[in-house]
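Participant: Predicted model and sequence follow; I will ask about them next.
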Amino acid sequence: MAVTLKDLSKYCGLSISAVSKSLNNYSDVSEETRQRVLKAARDIGYHPNAIARGLKTNRTFNLGVILDNDLQDSLLHTYFIIILNGFKREAERRGYDITLINHNIGGQTLSYLDHCRYRNVDGVCILCVDFYNPEIQNLVQSEIPLITVDHLFSGKDCILSDNKKGMLDLMRYIISMGHRRVAFIRGTDSAVTDARLTAYWDAVHEYGLEVPPYYAVASHYHSTRRVMEDTKKLLSSPVPPTCILMPDDYSALGGMDAIRQMGLRVPEDISIAGYDGISLIQKIHPLLTTVRQDGEEIGRQAAIRLLSRVSDPPETQSRPIIVPGELLSGETVRRLN
């Protein structure tokens, strides 16, 4: 026999109203009570009827996620997978399903906004996309509650990895190891790239480094081939750097290949550093110096904030939430002093 809401209410020692509000993420129920009810529901096997719940609350309990796989293979990028998993785990813990939003429905092309409306999502997380795409602008200006990751729209919620502080910490560590000629192969233009590039130049000026213009290289994220080429050019320049910052950990593999092909060693001949702190790279020798971004927490916070917006749209003030990273000193930056 199916466990009912009344059974769950009796098991928790709470009113049916309090239990219902806890299950549906109402803001006037404490987090402690909500967690208690969710645990009790799992313990006794209570599963709410999705159709009935939707009719009662006027929600579908479905959240959209935009993860553009045409944008540098985002689904293959570990950083975004970790964020997606964190978002999915928290959303499912609160009784929501996840739908990936794209342009194709049964062979029919739809805009992001039309797809969201077609799926009737309660809200959408914009995770990895060209944020300057007019379709994204239309979605942001629509009635659908949303949150973005690593990009800030005026008046909208967002979760930001602290890229500026992360890059400053990385630069200061490299400089403390005696490096004065530090190059930066940066990723594609974006808010993330802007934050890291600003921090790079801030550190250059703070420590009075003499950096030729060609040390700041425009490149791509997650591209081993492109970063291999960029690394070779830097190492063949009139005044080669002693340390190269890579766009991300994955593309650092391309940089390491270039260094090996040139008969050089890391870190004995050239130091390098990555960004992201993905687990795969941390198993390669020598251990990569990098900044670990807390993708799991970024995803979790994105789900919490979006569901807060879904539950009480007028009551929730828009604000960015900044999630700090962590410097991992690794073994790929040689001490010169």
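Facilitator: Perfect, thanks for sending it. Quantities reported herein were computed from a predicted structural model and do not represent experimental measurements.

Participant: How is Thr60 assigned, secondary-structure-wise?
Facilitator: Three-state call for Thr60 (DSSP: H, G, I helix; E, B strand; the rest coil): coil.

Participant: The one 4 residues further on now?
Facilitator: Reducing the assignment to helix, strand or coil with three-state DSSP, the entry for Gly64 is strand.

Participant: So what's the residue count around it?
Facilitator: Neighbour count for Gly64, taken as other Cβ atoms under 10 Å: 24. For the C-beta atoms, the positions are set from N, CA and C on the backbone; glycine is no exception.

Participant: same deal with Leu146?
Facilitator: Neighbours of Leu146 (other Cβ under 10 Å): 24.

Participant: same question, Ile298
Facilitator: Counted with other Cβ under 10 Å, the neighbours of Ile298 add up to 25.

Participant: Ser311 now?
Facilitator: Applying other Cβ under 10 Å, we find 21 other residues in the vicinity of Ser311.

Participant: ok, it to Lys21 distance?
Facilitator: 10 Å (Cβ to Cβ, to the nearest Å).

Participant: do the same with Ile98
Facilitator: Counting by Cβ to Cβ, the gap from Ile98 to Lys21 is 23 Å.

Participant: can you check Val211 too?
Facilitator: Val211 is 57 Å from Lys21, where distance means Cβ to Cβ.

Participant: where does the stretch 101-250 of the chain dip in pLDDT?
Facilitator: By pLDDT under 70, the weakly predicted segments of the stretch 101-250 of the chain are 106.

Participant: Would you map the helices across it?
Facilitator: 112-119, 134-140, 163-176, 191-206, 224-235, 249-261 (DSSP state H, counting those that start in this stretch).

Participant: got these as TSV, with distance to Cys12 columns?
Facilitator: Converted to TSV, those look like this (distance: least, Cβ to Cβ, whole Å):
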stretch	distance to Cys12
helix 112-119	33
helix 134-140	39
helix 163-176	42
helix 191-206	44
helix 224-235	53
helix 249-261	45
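
Participant: okay, the ones you listed, which one's buried deepest?
Facilitator: Most buried of the helices of the stretch 101-250 of the chain, by mean neighbour count (mean count of other Cβ atoms under 10 Å): helix 249-261, with a mean of 22.

Participant: From the contact counts, what lies against that one?
Facilitator: With contacts taken as 3 or more Cβ pairs under 8 Å, 6 or more residues apart in numbering; DSSP states H and E, helix 249-261 sits against helix 224-235, strand 271-273.

Participant: Show me the contact partners of that helix.
Facilitator: 77-78, 185, 219-232, 235, 244, 246, 265-266, 269-270, 272-278, 280-281, 284, 288, 290 (Cβ atoms under 8 Å, 6 or more residues apart in numbering).

Participant: give me that answer again for 7 Å
Facilitator: Counting by Cβ atoms under 7 Å, 6 or more residues apart in numbering, helix 249-261 makes contact with 221-225, 227-228, 231-232, 244, 246, 266, 270, 272, 274-278, 281, 288, 290, all of which sit outside it.

Participant: that older thread, which of the helices of the stretch 101-250 of the chain sits closest to Pro324?
Facilitator: Among those, the nearest to Pro324 by Cβ to Cβ is helix 163-176 (6.7 Å).

Participant: Next, the angle from that closest one to helix 191-206.
Facilitator: Calculated by axes from the mean of the first three to the mean of the last three Cα atoms, to 10 degrees, helix 163-176 forms an angle of 40 degrees with helix 191-206.

Participant: name the helices or strands packed onto helix 163-176?
Facilitator: On a contact count with 3 or more Cβ pairs under 7 Å, 6 or more residues apart in numbering; DSSP states H and E, helix 163-176 meets helix 191-206, strand 290-292, strand 326-328.

Participant: repeat that for 6 Å
Facilitator: Here helix 163-176 touches helix 191-206, going by 3 or more Cβ pairs under 6 Å, 6 or more residues apart in numbering; DSSP states H and E.

Participant: Could you check how far the helix it packs on is from the centre of its chain?
Facilitator: 19 Å (Cα atoms, centre = their mean, to the nearest Å).
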